[in-house]
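**Q** Any chance you can model this:
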Amino acid sequence: MDIYIFSDNKNAGKYFAGIKKGFTISFYPFADFKKRLAAGGGGFIYLDAWNQTEAAMKKTMQTVNKIEGFNFGVIDAKGIFKDTALVFFEGASDYIGKELATSGLNAKRLQQALDFRSEEIACFLEKEKIKGGDYILSGDSWQGIKSGNEYTFLFMFIELDNKAEFKKMGHDYASVVLKKFHDHISDVVSSVNGKVWMWMDFGGLVLFPFDGKECSAIIPAFKLMLDNTITSSEIFNLDILLTYRIAMHVGNTVYRTRGDTGTIVSDSINSIFHLGQKFTAQGNFCITKEVFQYIPKGLGHCFTLAGDFEGREILKMIPLK
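**A** Numbers count the residues shown, from 1 in each chain. Next comes the predicted model:
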């Protein structure tokens with residue numbers, strides 16, 4: 001996830017030096033936080049009180065707290081706040097005081113801050129629902145979907161991360177395992193009318209009919225993320241842990257049967273491949289805001305904002321304990 005630090009302290013980077021992966025951390029002058037708010041789209045920002053007064057910081061926090069979709073934390077290495085509870089009263093999700101600024105944050109501590117108000121992020125995205133005017137609903141089954149016509153589908157990209165390990169297996173053995181992986185994905189998604197549509201060596205694209213009501217296809221995606229330890233052993237009989245990245249998006253494309261897709265031109269197909277291959281990290285599950293607004297109730301808290309990609313708001317599944 002992208003974290004934006006607004007600070008006039010040239011040594012602010014040391015607070016986050018212990019975080020080596022899983023987050024993209026960017027630093028900007030303190031005054032630039034207004035530009036980030038004006039850009040919209042939501043996100044998580046840290047405001048450093050290094051050269052600020054308590055009164056000035058209070059006004060700044062009130063300004064940020066009024067903008068929906070933005071969560072924020074406060075860095076207070078000098079201890080200018082006499083009452084640290086005030087920071088949370090003004091809507092902050094995190095407070096980094098003298099002691100923590102000295103020792104620095106780790107990834108677990110940072111994730112706790114991001115998760116603190118995840119329900120509020122869900123509410124923000126729910127209010128930002130996209131109108132379905134451009135959707136050509138394909139229904140809740142494959143009945144009535146005809147080759148050559150354009151429809152709205154739920155796209156699921158999935159690709160294995162273990163490419164280096166497969167190269168060590170030898171071609172014949174790797175081919176068997178990859179075939180099992182394809183068949184396993186096909187079996188899992190079939191429970192909600194999913195079809196493997198395009199497939200390469202290590203993964204591909206799955207299509208689900210979309211009725212504009214609910215993206216129940218997110219359930220098998222959850223299962224794939226949570227069950228990979230068991231399936232690596234029971235289904236694939238491997239000593240290594242198979243991991244994969246999953247990305248989901250709602251969009252339009254002309255439908256043609258599998259094997260006859262080479263001439264299709266679709267922005268939605270380009271978008272889902274870009275999201276899966278260029279943005280989604282190994283072992284992660286990302287969805288666009290278009291998907292989030294249709295997921296079953298009760299799953300919103302399982303996602304957190306991951307940033308913007310190609311003009312879309314992206315959310316990432318939070319590791320479940």
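
**Q** so where is the stretch 51-200 of the chain shaky, pLDDT-wise?
**A** Applying pLDDT under 70 to the stretch 51-200 of the chain picks out residues 68-69, 116-133.

**Q** For it, which segments are assigned as strands?
**A** Secondary structure of the stretch 51-200 of the chain by DSSP state E, counting those that start in this stretch: the strands cover 70-75, 94-96, 150-160, 195-199.

**Q** can I get the CA coordinates of the helix or strand harbouring residue 314 in CSV?
**A** Using DSSP states H and E, residue 314 sits within strand 312-317. Extracted in CSV, the C-alpha atoms of strand 312-317 (Å, rounded to 0.1, in the frame of the first residue of the first chain):
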residue,chain,number,x,y,z
ARG,A,312,-8.7,3.4,-10.6
GLU,A,313,-8.9,3.0,-6.8
ILE,A,314,-7.5,-0.4,-5.8
LEU,A,315,-8.1,-2.3,-2.6
LYS,A,316,-6.0,-5.1,-1.2
MET,A,317,-7.1,-8.1,0.9
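
**Q** just checking, what packs against it?
**A** strand 285-288, helix 289-292, strand 303-309 (3 or more Cβ pairs under 8 Å, 6 or more residues apart in numbering; DSSP states H and E). Quick note: C-beta positions are derived from backbone N, CA and C, even for glycine.

**Q** Just the buried residues of that strand, please?
**A** By 16 or more other Cβ atoms under 10 Å, the buried positions in strand 312-317 come out as 313-317.

**Q** of those residues, closest to residue 226?
**A** Taking Cβ to Cβ as the measure, residue 317 is the one of these closest to residue 226, at 9.7 Å.

**Q** Leaving out sequence neighbours, find the closest residue to the closest one.
**A** Leaving out its chain neighbours, the residue that sits closest to residue 317 by Cβ to Cβ, 6 or more residues apart in numbering is residue 285, at 4.0 Å.

**Q** what do you get for residue 253?
**A** residue 266 (3.9 Å).

**Q** ok, the one you found touching residue 254?
**A** Yes: with contact defined as Cβ atoms under 8 Å, residue 266 reaches residue 254; the gap is 6.9 Å.

**Q** on that earlier part again, what lines up beside the strand holding residue 314 in the sheet?
**A** strand 285-288 (antiparallel), strand 303-309 (antiparallel) (DSSP bridges).

**Q** Distance from the chain centre to the lengthiest helix in the chain, please.
**A** Ranked by residue count, the top helix of the chain under DSSP state H comes out as helix 171-189. Chain-centre distance of helix 171-189: 26 Å, with Cα atoms, centre = their mean, to the nearest Å.

**Q** so what's the closest residue to residue 144 other than its chain neighbours up against?
**A** Leaving aside its chain neighbours, residue 144 sits nearest to residue 138 (8.0 Å; criterion: Cβ to Cβ, 6+ apart). By Cβ atoms under 8 Å, 6 or more residues apart in numbering, the contact list for residue 138 reads 144-145, 151-153, 209-211, 255.

**Q** May I see the ChimeraX selection of the buried members of these?
**A** Per 16+ other Cβ under 10 Å, the buried members of the contacts of residue 138 correspond to this ChimeraX selection:
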select :151,152,153,209,210,211,255
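
**Q** Which members of the contacts of residue 138 are the farthest-apart pair?
**A** It's 211 and 255 that sit farthest apart of the contacts of residue 138, by Cβ to Cβ, at 15.2 Å.

**Q** count of residues packed around the residue nearest to residue 253?
**A** Applying other Cβ atoms under 10 Å, we find 16 other residues in the vicinity of residue 266.

**Q** again with the one 5 residues further on
**A** Counted with other Cβ under 10 Å, the neighbours of residue 271 add up to 20.

**Q** isn't it right up against residue 291?
**A** No: counting by Cβ under 8 Å, residue 271 sits too far from residue 291 to count as a contact (11.8 Å).

**Q** can you list residues touching both of the two?
**A** Jointly contacting residue 271 and residue 291 under the rule Cβ under 8 Å, 6+ apart are residue 249.

**Q** Which residue is most remote from the mean position of this structure?
**A** For the chain, the C-alpha farthest from the mean C-alpha position belongs to residue 82; by Cα atoms, centre = their mean, that distance is 36.8 Å.

**Q** Name the nearest residue to it, sequence neighbours excluded.
**A** With Cβ to Cβ, 6+ apart, the residue lying closest to residue 82 is residue 54, at 7.3 Å.
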